[in-house]
Every structure is written in C-alpha cells, then in structure tokens.
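# Based on what follows, work out the 3D shape:
(one chain, ligands or ions: 1)
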Amino acid sequence: MALAFRCSSHDDRKKSLFTRDRERREESEKLATLYLPARTPGEEPVIPKPEIFDALHNPAENPAALPTIAECAVHLQLLEKFVALKQKVLTSNRLDRAFAIIPKDKLVTKRGKREIQADQTFKARQAVKWPIFVWFAAARFLRWWRICSPILHPQDNRLTMAETSLPPLDVLMIWHAFLSSPTKYEIFCKTNWREDMLKLEFPWLLIHRSLVNDDPSVKLGKEAGDLFTKHVGEVSLFESLACHNDHLESFRVLLESLVTTNGKSRLSVEFPGLRGTPCSDDGWQSMDMLSAIVECNTIFAEKTVNFLWLRSPALGRTLERAIVRYERFMALVKKHPETTLVPALDIRLVLRTQQCSPASQLACCSKLAGRAINWDDALKGELPKNGIAETSRLYEMDFQEEYHPCLCWDCEAMKSEIERYGLMDSIDYAAIVQNAQDKVMYYKAVELARRKGNPLPARIVDISN
Ligand SMILES: [Zn+2]
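Sure thing, here's the model as predicted:
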C-alpha cells in the first residue's frame, strides 16, 4: 500500500525547518498554542535523550568497529557548537569594537528631508572577524598540538586523551577540521615527529561531558584550564580578543606570541588592518592551510546542523540508518576500487566521525573496504563530474534503496515509525503517518520554545525514538 505522505521539505527543499518567512511564522504561532507549558521540570522533555550518550567510552570499546550512535550524536553536538561559535563571532559588537569595525552611517538629505543612511559596507566588514578568529585559533592549535600528551594503554598500544589535555572549543575546531583532511594531517604529524597523534582516539566522551547547553563553548575542568593557560594562553579566545579594544597592533603582538619559538618570534603577521613581512616559516604556512581546511569544515558543519537531527524525534534511528549506509558505502568501495565514490551527507557524518580517530578508521576501513578511505571535502573540486551520479547508481543497484533520500524531520520520523512496526500487511498506515506527524509537531514546538527561551511544552506524546 502506498503511503499518503508528503513532507514539507519535498514541496520546497530550500525552506529549512525554522526559517522566518510568514508562512512558517504563522505555523510556529499555531504550534505554540497546541501544547500546555510544562509546570514542573519533570514534565519537561529532555532532547536529545541523555540515554543516547550512555554508550560512550574513552577509549572506545572496540577501536576497529564502526562509529557508534553515541559518537555520531556527540559529533552533531560539536558541529552545532562550531556553527554557534561562528555566529557569536560574526554578530558580536564587542569584537566589532575590538577590531575597530564601526558602522559609518551617514546623515543625508532626500527630498528636503534629513535622514540616516545605513552603512551598506558594515556587514561585509564584520565578516572579516571570522577569518582572523580562525587564524588565532590555528596558532593556538599549533601550540596545543605540540604539548598534548596522550595516554598510552600498554595492553593494546592505544592512545587516549587525558581529561587535563582537553583544549577549548576554538582549538577543537581546528583539530577536528585538520582530521577531516587525513592525508594532510598524516604528513603534518610525520614531518613534525608526532606520529603518536595519528594513534590518538578522538575524546568523544570528554567532549560530551564538557559541552554546556546553549553556550557556544566547552567547559574545561580546572586542571585542563590551568594547563592550557600555562602553555597556550587564555582559555576563551573570544574573551582574549574582545578585550583588545581598538588596538590592532596588540593583535599582532598577541598572534606573534602564540607562534613564538624559544622566546623568539620567528613569524611576521599580515592580515587586514595590520602590516607585516611575508614569512616562510612552516608554522605560518600550516596556519594558512588550516584556515582553508576550516572553511571547508564550516560548510560541512552548517549543512549538517541545518537538518537539526540532534533535536529531531528520530535522532537515534537516523544515526543508526546512517551507520548502516556507511557500512554499505564501504562495501561499494571494496567492490569498485577504480571508482571514486562520493559519500552522501548522512554517510559523510559517520565517515568523518571515524576520521577523527585515524588509527581506528584505518583498522575498520581495512577490514570492511579493503583499504583506507581518505575522504577530504577540500578535494571535492577534483572529483570526476559524474561521481555523485555514479555512486547513486551503484548504491541503488546493489541495495535497492535511494542513495540521496530526503533527510528532513518528517521523512526520518516516518521511516522510523515504519521500521518500528515492520512491513506487515495488517499495519494501519494512516495511524503510522499520524503518529509520525504528532511527534514531529511536538518536537517542533519544543524547539521553537527553546529558541525563544520560553517554557518547554509538557510531554504529551511518546517521545521514544
Ligand atoms: Zn522530507
């Protein structure tokens, strides 16, 4: 029996779930009236459900296994923080002042009336803050990376991170981006005599514990904070930049201090508003390369976060399906060694979760794909033109399943409901559709309330997923 179901994203895939257009605003106003606000904390829903993270271990239980749902969920949390951090930097008035970016509104006379003409260049000038922020983060990463001391587990020769080595969010962002370019990261580790960093497992559990809701930062323990301050600098890069009011020269001093070797600065600085001598230092070149990688990583983060899977009614099952699809993708890689296969977005999330732990990824890929999968978003431009179409064709031929399905809340909730009941003849499809739609509607209401800072709607539907 065909399902009488059509998701809103199918009608207009460009409309995200929470855009501000009139139609959506009306929908959200209607949603707000459908549910009573929770009267006690016990009535409030906890989204995502804490149980989804129960399976996290540091180190991972089986390093050569596929990534787990819990690890992928922390990955989504981390991507959300990266996107929020960029927003915070771009919209911060404090950073505007520190970077001497001032709106140059003009008083003009039009048809005999005096009026203020807004500065049309202001937004573009504000955008400069982000690349500069990334440069500082890259400099801090290079310094942290040199002092990071992984813990060796002699029984299986694995390396994990101590809680005291966990860096702040800006450094995590650079490290995470660098790990998504596996070939460059490997060369970087080898040429800098830090091959041990290739064996280090990404600290998903530590990161999860340090994330604070609605705060675009990670909360470091006292020891980790003290260690970072001693060797690198202030824990919050944002605060350290924001307090440099209107003195671009002080940025140059700050940045040079981050890339100083043996007390002597070997680097010169050149970025908007500052003058310096171009330099050929390896560290500086690395920073330029890192900035480019971070740009690619930010695009991936924004694309993924836009789906809001982390707060969707189908989070667990969406990730479970993505992991299965990643395993199938690896089987295709093994079967077609001559073809460059392009991972779909959900598959890429799992692949990149695994890329964060290079040794584990190599072990798992060798087992399932017969070789390493060195996917790098930065090299997408070099892919064959028909790469996506060919991957879809091969995948759909072998697995009789759409390679690029709609991944919106409605569709994911529907798939999850159908999987829950199995494909039996006696299923009441109308009830399944209704069930999925009820869940999506409730989750939307919760998300809208969260964004507005309103009390969350009381739990009235079964929110298991
Ligand atoms: Zn859809």
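
# Burial check on residue 402, number of neighbours?
11 (other C-beta atoms under 10 Å). C-beta here means a position set from N, CA and C on the backbone, and glycine is covered the same way.

# you'd agree it is in a helix?
No. Per DSSP: H, G, I helix; E, B strand; the rest coil, residue 402 lies outside any helix segment and is coil.

# Give me the distance between the closest residue to residue 78 other than its chain neighbours and residue 354.
Excluding the flanking residues, the one nearest residue 78 by C-beta to C-beta, 6 or more residues apart in numbering is residue 207, at 6.0 Å. Per C-beta to C-beta, to the nearest Å, residue 207 is found 15 Å from residue 354.

# same thing with residue 34?
40 Å.

# Looking at these two, which one has more neighbours?
residue 354 (24 against 12).

# ok, and for stretch 318-330, which residues are buried?
318, 319, 320, 321, 322, 323, 325, 326, 328, 329, 330 (16 or more other C-beta atoms under 10 Å).

# swap that for stretch 49-68, sorry
52, 53, 56, 58, 59, 60, 63, 66, 67, 68.

# Can you tell me which of the residues you listed end up in strands?
Judged by DSSP state E, strands contain none of these.

# Specify which member of those is nearest to the ion.
The ion lies nearest to residue 52 out of the buried residues of stretch 49-68, by C-beta to the ion, at 22.2 Å.

# Pull the contacting residues for that closest one.
Shown in contact with residue 52 (C-beta atoms under 8 Å, 6 or more residues apart in numbering): 69, 70, 73, 315, 316.

# What separation do you get for it and residue 309?
Counting by C-beta to C-beta, the gap from residue 52 to residue 309 is 11 Å.

# which residues do the two both contact?
Common contacts of residue 52 and residue 309, defined by C-beta under 8 Å, 6+ apart, comprise residue 315.

# Let me see the ranges of the strands in the chain.
According to DSSP E, the strands that the chain contains are 106-110, 113-117, 151-153, 158-160, 260-261, 264-265.

# Looking at this structure, which residue reaches furthest from the middle?
residue 112 (51.6 Å; C-alpha atoms, centre = their mean).

# picking up where we left off before, among the contacts of residue 52, which one lies nearest to the ion?
Using C-beta to the ion, these come closest to the ion at residue 315, 15.7 Å.

# Surely that closest one is in contact with residue 309?
Yes. Taking C-beta atoms under 8 Å as the definition, residue 315 is a contact partner of residue 309 at 5.7 Å.

# Nearest the geometric middle of the chain, what residue?
Centre-most residue of the chain, counting by C-alpha atoms, centre = their mean: residue 79, 1.6 Å.

# So that residue versus residue 426, what's the distance?
Taking C-beta to C-beta, one finds residue 79 at 41 Å from residue 426.

# tell me the pLDDT at the closest residue to residue 208 other than its chain neighbours?
Leaving aside its sequence neighbours, residue 208 sits nearest to residue 74 (C-beta to C-beta, 6+ apart; 4.6 Å). Residue 74 carries a pLDDT value of 97.

# residues in contact with residue 74?
53, 56, 204, 205, 207, 208.

# Identify the farthest-apart pair in those.
Largest separation among the contacts of residue 74 by C-beta to C-beta: 53 and 207, giving 10.6 Å.

# Based on its surroundings, how many neighbours for the residue lying closest to residue 127 once chain neighbours are set aside?
Spatial nearest neighbour of residue 127, excluding adjacent residues (C-beta to C-beta, 6+ apart): residue 90 at 6.7 Å. Neighbour count of residue 90, defined by other C-beta under 10 Å: 16.

# What separation is there between residue 289 and the ion?
37 Å (C-beta to the ion, to the nearest Å).

# wait, what's in contact with that residue?
Counted by C-beta under 8 Å, 6+ apart, residue 289 has contacts residue 184.

# follow-up on the earlier one: per-residue pLDDT, the residue farthest from the centre of the chain?
Reported pLDDT for residue 112: 83.

# gap between it and residue 106?
17 Å.

# circling back to that earlier point, and of the strands of the chain, who's closest to the ion?
Nearest of the strands of the chain (C-beta to the ion): strand 158-160, 38.9 Å.

# Show me what the closest one is packed against.
strand 151-153, helix 196-199 (3 or more C-beta pairs under 8 Å, 6 or more residues apart in numbering; DSSP states H and E).

# May I see the buried residues of it?
158, 159, 160.

# surely the first one meets residue 59?
Yes. Using C-beta under 8 Å, residue 158 and residue 59 qualify as a contacting pair, with a distance of 5.4 Å.

# got the end-to-end distance for stretch 103-117?
Stretch 103-117 stretches 11 Å from its first residue to its last (C-alpha to C-alpha, to the nearest Å).

# Now it: buried residues?
Buried, per 16+ other C-beta under 10 Å, within stretch 103-117: nothing.

# next one: stretch 415-422
Buried-residue list, stretch 415-422, by 16+ other C-beta under 10 Å: 415, 416, 417, 418.

# Ok, stretch 370-386 next?
372, 373, 374, 375, 376, 377, 378.

# from what I can see the residue nearest to residue 78 touches residue 172, true?
Yes. Counting by C-beta under 8 Å, residue 207 touches residue 172, with 7.1 Å between them.

# hey, C-alpha coordinates of stretch 39-57 in CSV?
Provided in CSV are the C-alpha atoms of stretch 39-57 (Å, rounded to 0.1, in the frame of the first residue of the first chain):
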residue,chain,number,x,y,z
ARG,A,39,4.6,23.1,35.1
THR,A,40,7.5,21.1,36.7
PRO,A,41,11.0,20.2,35.5
GLY,A,42,9.8,16.6,35.5
GLU,A,43,7.2,17.4,32.8
GLU,A,44,9.9,19.0,30.5
PRO,A,45,11.2,16.9,27.7
VAL,A,46,15.0,16.3,27.6
ILE,A,47,16.1,16.5,23.9
PRO,A,48,18.3,14.7,22.9
LYS,A,49,17.6,11.9,25.4
PRO,A,50,20.6,11.5,27.7
GLU,A,51,20.5,7.7,27.3
ILE,A,52,21.7,8.1,23.7
PHE,A,53,25.1,9.0,25.1
ASP,A,54,25.3,6.2,27.6
ALA,A,55,27.4,4.0,25.3
LEU,A,56,30.3,6.5,25.2
HIS,A,57,33.7,5.1,26.3
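
# Could you pull up the mean pLDDT of it?
89.

# Over to stretch 345-357?
For stretch 345-357, the mean confidence score works out to 96.

# Does it reach the ion?
No. Counting by C-beta under 5 Å from the ion, the ion is not contacted by stretch 345-357; separation bottoms out at 12.9 Å.

# Now do the buried residues in that stretch.
Result for stretch 345-357 [16+ other C-beta under 10 Å]: buried residues 346, 347, 348, 349, 350, 351, 352, 353, 354, 355, 356, 357.

# Ok, stretch 127-138 next?
Neighbour-count burial for stretch 127-138 [16+ other C-beta under 10 Å]: 129, 130, 132, 133, 134, 135, 136, 137, 138.

# Can I get it as PDB, trimmed to CA atoms?
Provided in PDB are the C-alpha atoms of stretch 127-138 (Å, rounded to 0.1, in the frame of the first residue of the first chain):
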ATOM      1  CA  ALA A 127      32.700  39.200   8.100                       C
ATOM      2  CA  VAL A 128      36.500  39.800   8.400                       C
ATOM      3  CA  LYS A 129      36.300  38.900  12.000                       C
ATOM      4  CA  TRP A 130      35.800  35.200  11.300                       C
ATOM      5  CA  PRO A 131      39.000  34.500   9.200                       C
ATOM      6  CA  ILE A 132      41.000  36.400  11.800                       C
ATOM      7  CA  PHE A 133      39.500  34.500  14.600                       C
ATOM      8  CA  VAL A 134      40.300  31.300  12.800                       C
ATOM      9  CA  TRP A 135      44.000  32.400  12.400                       C
ATOM     10  CA  PHE A 136      44.300  32.900  16.100                       C
ATOM     11  CA  ALA A 137      42.600  29.500  16.700                       C
ATOM     12  CA  ALA A 138      45.100  27.900  14.300                       C
END
